[in-house]
Structures are given as structure tokens and as C-alpha cells.
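Visitor: I'd like to go over a predicted model; first the sequence, then the structure.
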Amino acid sequence: WVKARGSKIAWFDAFAAATACRTGGYSDWRMPTIKELYSLIQFSGANGTSMTSTAGYSPFIATNVFEFAYGSGLGSERVIDCQDWSATPYVSTTMDGDATVFGVNFADGRIKGYPRDVPGGGATGQVLYARFVRGNAGYGVNKFVNNGDGTITDKATWLMWARNDSGVGLDWSNALAWVEEKNAAKYLGYGDWRLPNAKEMQTLVDYTRSPDTTGTAAADPVFTCTPITNEANQLDYPFYYTGTTLVTGTANQGVYVCFGRALG
């Protein structure tokens with residue numbers, strides 16, 4: 001990875017900048033995929049309560065390794081306005097038909113889709129930060145094997161997953177209890193199930209899929225994903241809880257990963 005924070009740049013320009021980058025004497029820098037970029041996140045970070053002051057904030061990236069800067073908190077720029085582009089576009093659009101690219105915010109610990117262009121600004125490129133990567137082009141490429149017993153093994157990560165989800169929505173504490181109940185019953189023959197951490201859950205997202213483009217959840221069809229009806233009365237797919245907590249202000253939240261639409 002490039003250590004330097006760099007400057008904000010439009011998404012299309014970031015690809016050209018990666019090609020031109022010669023940091024460390026290398027000439028094969030590229031924009032990271034969203035899975036590569038998310039691999040840098042650290043949930044030892046914390047959110048404060050203000051959008052104009054960094055009091056209570058701690059970055060969600062290792063600042064002893066990587067350079068990082070919060071937004072100024074002045075004018076229209078919030079302290080969390082310091083997001084990083086990935087190379088991964090959303091395969092549909094958001095809000096008012098905006099072309100959208102996934103990115104990671106190392107100020108508040110979240111993946112979001114960000115408008116590729118300035119909303120209402122035509123083809124004017126919105127600017128976010130970009131951090132280039134090189135090597136291992138196969139990172140994040142799943143190798144799923146259906147074991148035929150209700151379990152799926154990903155030979156890219158060597159994690160075993162249950163093929164089916166809980167089938168009903170649960171709050172975070174009940175999700176933890178549900179896993180313990182499954183362990184007590186030796187679900188699918190195993191007693192060591194757990195909620196995945198946020199990075200593990202994000203490895204399952206298939207960014208080539210979405211309800212609007214494929215009519216499916218954003219996950220490989222080897223998995224069963226319980227359909228839901230969202231707030232817009234559309235067929236949709238759920239958010240999945242992880243075992244990771246997010247420190248925000250004075251409260252903790254359970255981190256989730258969305259496999260359907262997140263309505264703004």
C-alpha cells in the first residue's frame with residue numbers, strides 16, 4: 001500500500017494517478033477493490049458526537065502505519081468527510097439515479113456508496129481520497145464449495161459458513177443467543193458456530209449482484225438469503241449482523257453488512 005494520504009481526487013482521475021504512481025520504485029500500483037480497501041479497517045476506532053470537532057474520535061485505520069487526516073469541520077465539510085474511493089462501482093444507481101462507487105470511511109468505520117459525480121453537477125467528478133495498492137490480484141476472490149450438508153466452505157479464506165440464514169430478523173443480543181442455541185444443538189454437526197466479524201462477513205458480498213440488476217441478494221447463489229419487503233414495499237434482502245461492535249459517541253452499535261438495498 002501507499003503510505004501517504006495524498007489529496008482528494010475524482011474517481012476516474014484516480015485510476016490514471018495510480019498508473020502514473022512510482023512510490024517505492026514500483027510501476028504496478030492500482031486502485032484497490034472494496035474488499036482490499038476494507039481489509040485496512042480497524043474497529044479499535046471510535047466516533048465522536050460532533051461533525052465540527054474531532055473530540056472523541058479515533059481513526060479506524062492504523063495511523064502508526066498509514067497517514068490519515070480528518071475533514072476540516074469548517075463550512076460544509078464535516079470531520080467525517082475524508083472518505084476513500086475503491087475501484088468497485090455499484091452495479092445499479094442510488095438516490096436520484098446517481099452513478100455510485102463503493103468506498104470506505106476510516107473516520108467513522110463504514111462502507112458506503114458515494115456518488116461518482118457531484119450530485120446535480122453533471123459529469124463533474126466528486127473528489128474523495130485514493131490510496132493505491134499493488135500485488136495479489138486474487139485477493140477477495142471467493143472459492144466456494146458446497147459441502148452438501150448445509151455448509152459452504154470458502155477455500156479462499158478457509159472459513160465454513162452455514163448455507164441458510166436465521167430465516168427471521170433478530171436484534172443483536174438475540175442474534176448472539178441464537179448462535180449459542182445452535183451450538184448447544186450441534187447445528188449441522190458442529191458446536192463452534194459464531195457470528196462472523198465484520199471483515200469476515202464482508203468477504204461474502206458479491207459486488208457484481210444487486211436486487212436492481214440481478215433480482216438477487218448481493219451474494220453468491222450458493223447461499224440462501226431470506227427475502228424481505230423493504231420500506232418502499234419492494235422485494236429486497238436483509239442486513240446481516242456481525243459480532244463486531246462500533247463505538248459511536250457514548251453508545252456501541254452492532255456492525256452489519258447489507259446484502260440488499262440501503263434506502264437513504
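Guide: Perfect, I can see it now. Since we're looking at a predicted model, the values are computed, not measured. Residues are numbered from 1 along each chain as shown.
Visitor: now residue 125, what are its backbone angles?
Guide: Geometry field for residue 125 lists phi and psi as phi -70, psi 130, criterion degrees, to the nearest 10.
Visitor: how close does residue 243 get to residue 37?
Guide: 21 Å (C-beta to C-beta, to the nearest Å). (C-beta placed from N, C-alpha, C; glycine too.)
Visitor: these two: which is more packed in?
Guide: Using other C-beta atoms under 10 Å as the criterion, residue 243 and residue 37 rank with residue 37 on top: 25 against 17.
Visitor: and the more buried one, what's its pLDDT?
Guide: Model confidence at residue 37, expressed as pLDDT, equals 98.
Visitor: distance check, it against residue 103.
Guide: Computed as C-beta to C-beta, the residue 37 to residue 103 distance reads 7 Å.
Visitor: joint contacts of the two?
Guide: Counting by C-beta atoms under 8 Å, 6 or more residues apart in numbering, the shared contacts of residue 37 and residue 103 are 84, 86.
Visitor: for the nearest residue to residue 56 once chain neighbours are set aside, what are its contacts?
Guide: In this structure, residue 56 finds its nearest non-sequential neighbour in residue 48, 3.0 Å apart by C-beta to C-beta, 6 or more residues apart in numbering. For residue 48, the contact set (C-beta under 8 Å, 6+ apart) comprises 54-57, 79, 249.
Visitor: let me see the ranges of the helices in the stretch 101-250 of the chain.
Guide: For the stretch 101-250 of the chain, applying DSSP state H, counting those that start in this stretch gives helices covering 172-184, 198-202, 211-214.
Visitor: how about those helices, which one is nearest residue 19?
Guide: Comparing the helices of the stretch 101-250 of the chain against residue 19 with C-beta to C-beta, the closest turns out to be helix 198-202 (27.0 Å).
Visitor: I'd like the average pLDDT over that closest one.
Guide: Averaged over helix 198-202, pLDDT sits at 97.
Visitor: which other helices and strands contact it?
Guide: Under the contact criterion of 3 or more C-beta pairs under 8 Å, 6 or more residues apart in numbering; DSSP states H and E, helix 198-202 touches helix 34-38, strand 239-248, strand 251-258.
Visitor: who touches the second one?
Guide: Same thing as strand 239-248. The contact list for strand 239-248 (C-beta under 8 Å, 6+ apart) reads 43, 45-47, 108-109, 165, 170, 172, 175-176, 194-198, 200-201, 252-260, 262.
Visitor: what of the first one?
Guide: Residues outside helix 34-38 that contact it (C-beta under 8 Å, 6+ apart) are 84, 86-88, 102-104, 111, 131, 133, 139-140, 199, 202-203, 205, 207.
Visitor: now that helix - C-alpha only, CSV.
Guide: Presented in CSV, the C-alpha positions along helix 34-38 are these (Å, rounded to 0.1, in the frame of the first residue of the first chain):
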residue,chain,number,x,y,z
ILE,A,34,-13.6,-2.6,-2.0
LYS,A,35,-12.6,-5.9,-0.3
GLU,A,36,-8.9,-4.9,-0.4
LEU,A,37,-9.7,-1.4,0.9
TYR,A,38,-11.9,-2.7,3.7
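Visitor: good, wrapping up.
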